[in-house]
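A.B. asks: Let's see this in three dimensions:
(one chain, ligands or ions: 2)
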Amino acid sequence: MAVLVTGGAGYIGSHMVLELLDAGEEVVVLDNLSTGFRWAVPQDAAFVAGDVGDQALVARVIEEHGIDSILHFAAKIVVPESVTDPLGYYFNNTVKTRALIETAVEKGIRNFVFSSTAAVYGNAEAPLLGEDMPLAPINPYGRSKLMSEWMLQDAHTAHGLRYAILRYFNVAGADPKGRSGQSTPQATHLIKVAAQAALGQRPHLDVFGTDYNTPDGTCVRDYIQVNDLARAHLVALRHLRDGGECAIMNCGYGHGASVLEVVDVVKRVSGVDFEVRLSPRRPGDPAQLVAKVDRIRRLGWQPQHDSLEEIVDQALRWEKALAGRKAA
Ligand SMILES: NC(=O)c1ccc[n+]([C@@H]2O[C@H](COP(=O)([O-])OP(=O)(O)OC[C@H]3O[C@@H](n4cnc5c(N)ncnc54)[C@H](O)[C@@H]3O)[C@@H](O)[C@H]2O)c1
Ligand SMILES: O=c1ccn([C@@H]2O[C@H](COP(=O)(O)OP(=O)(O)O[C@H]3O[C@H](CO)[C@@H](O)[C@H](O)[C@H]3O)[C@@H](O)[C@H]2O)c(=O)[nH]1
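C.D. replies: Residues are numbered from 1 along each chain as shown. Ligands and ions are numbered 1, 2, ... in the order given. This is a model prediction of the structure:
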């Protein structure tokens, strides 16, 4: 039995591949390298260059490798880009996911684990977001993912495809062994941007909005370390393989940090007092997103890297390694 990881050349997918290989799984990566990197896929995983919407290719890969489970990470992920290019997002994230689900059903795939997002909750005001809260995404990215959630649930009802939907909160950090990290150029994620500012790769950091209804006025997020997130997928996959029920589960730590708190940790861990500018709000940012995490914990998942200091240290190390790679 082999596992197909779509988007396995990307940030989270490449960490997933490492976790699967470490657990002794046979892994096949399918990635069109639109934002991923061939070098991010470990040698012990098979690599297929191609698109998740290419049904003939996916069917062939499933047959040739004896795939029993699909972990579907491939997507476009930049929220502001989804606002200016909604149809591109619905095509890549929703239409192609429909094609992938159809191929999975036709080929008798047993388990399907899907990368969803806290963006499906939109501007929910609750201090902790539970999976059963009303869903009201406020941008095309979130909607493209929510439609995929619905398709999976309907495909389960009609065709028996078994799913685990994981809603990630803010993913950060890098493999502690230095094998992978967030490599996207022009990334917009706070911890990566702050690490780049600390290393002098950016002139300053903008804090987007200081007038939110939060303790220090800046947005609060639940930052989850990327290997902890990958292990949540392993737990979900084992649950499905053991005959457990289909599930929708938040992935976070259940506590948040504000933008200013993150900046403070990055300054402390790096030892660099980089320039910080207090700037206007960025459109589309909810004030606070913190996960209720009892569901995934009930399956036996336990975080191993629940420390902002550790996450920031990993991000700084990875930025330095990337700079070395570029200079070489
Ligand atoms: N990074 C986060 O904080 C975050 C939060 C919530 C959810 N997610 C979800 O996690 C998943 C992975 O995100 P990431 O941060 O690793 O992004 P990423 O851009 O690093 O990885 C996405 C990968 O998918 C590939 N890809 C995209 N479209 C494809 C297609 N049609 N066919 C084949 N390959 C394709 C890209 O080349 C890339 O390697 C996405 O589904 C994203 O929506 C990410
Ligand atoms: O230079 C920066 C970058 C970010 N922020 C702020 O930091 C917070 C976190 O922003 P960011 O790291 O860009 O993540 P989010 O916008 O919260 O979105 C991430 O987390 C969501 C789940 O919570 C996922 O849906 C998205 O795909 C993923 O990009 C927000 O308040 C931003 O305004 C800044 O102040 N300055």
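A.B. asks: So which residues on this structure come close to ligand 2?
C.D. replies: When proximity is defined as Cβ under 6 Å from any ligand atom, the chain approaches ligand 2 at 77, 79, 117-119, 169-170, 188-190, 193, 205-208, 219, 221, 259, 282, 285, 289. The way it works is simple: take the backbone N, C-alpha and C, and place the C-beta from them, glycine included.
A.B. asks: Can I get the buried part of those residues as one PyMOL selection?
C.D. replies: In PyMOL syntax, the buried subset of these is picked out as below (16 or more other Cβ atoms under 10 Å):
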select buried, resi 77+79+117+118+119+169+170+189+190+193+205+206+207+208+219+221+259+285+289
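A.B. asks: Which of the residues of the chain next to ligand 2 fall in helices?
C.D. replies: 79, 190, 193, 259 (DSSP state H).
A.B. asks: pLDDT and distance to ligand 1 added to the residues you listed, as CSV?
C.D. replies: Formatted as CSV, these follow (pLDDT from 0 to 100; distance: Cβ to the nearest ligand atom, whole Å):
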residue, pLDDT, distance to ligand 1
Val79, 86, 10
Leu190, 96, 10
Val193, 97, 13
Val259, 98, 15
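A.B. asks: ok, the one residue in the chain that gets nearest to ligand 2 - contacts?
C.D. replies: Closest approach of the chain to ligand 2 (Cβ to the nearest ligand atom) occurs at Cys219, with a separation of 3.0 Å. Each residue near Cys219 by Cβ atoms under 8 Å, 6 or more residues apart in numbering is listed here: 208-209, 212, 258-259, 285-288.
A.B. asks: List phi and psi for it.
C.D. replies: phi -70, psi 150 (degrees, to the nearest 10).
A.B. asks: Spell out the residue ranges of the helices in the protein.
C.D. replies: 11-22, 55-65, 79-84, 86-89, 96-106, 140-159, 190-198, 226-241, 259-270, 294-298, 308-327.
A.B. asks: Considering these, which stretch scores lowest in mean pLDDT?
C.D. replies: When these are compared by mean pLDDT, helix 79-84 comes last with a mean of 89.
A.B. asks: Pretty sure Val220 sits against Thr214.
C.D. replies: Yes: under the criterion of Cβ atoms under 8 Å, Val220 makes contact with Thr214 at 5.1 Å.
A.B. asks: more crowded one of those two?
C.D. replies: Neighbour comparison, Val220 and Thr214: the larger count goes to Val220, with 21 against 17 (by other Cβ atoms under 10 Å).
A.B. asks: ok, so what distance separates the more buried one from Leu21?
C.D. replies: 35 Å (Cβ to Cβ, to the nearest Å).
A.B. asks: cool, His72 as well?
C.D. replies: When His72 is compared with Leu21 (using Cβ to Cβ), they lie 18 Å apart.
A.B. asks: These two: which has the busier surroundings?
C.D. replies: Comparing His72 with Leu21 by other Cβ under 10 Å, the one with more neighbours is His72, at 25 against 15.
A.B. asks: Do I have it right that the more buried one meets Gly53?
C.D. replies: No: counting by Cβ under 8 Å, Gly53 is not a contact partner of His72; they are 11.9 Å apart.
A.B. asks: anything in contact with each of the two?
C.D. replies: In terms of Cβ under 8 Å, 6+ apart, His72 and Gly53 are both contacted by the residues Leu100.
A.B. asks: for Leu117, what are its contacts?
C.D. replies: Quick fix: residue 117 is Thr, not Leu. By Cβ under 8 Å, 6+ apart, the residues touching Thr117 are 141-142, 145, 167-168.
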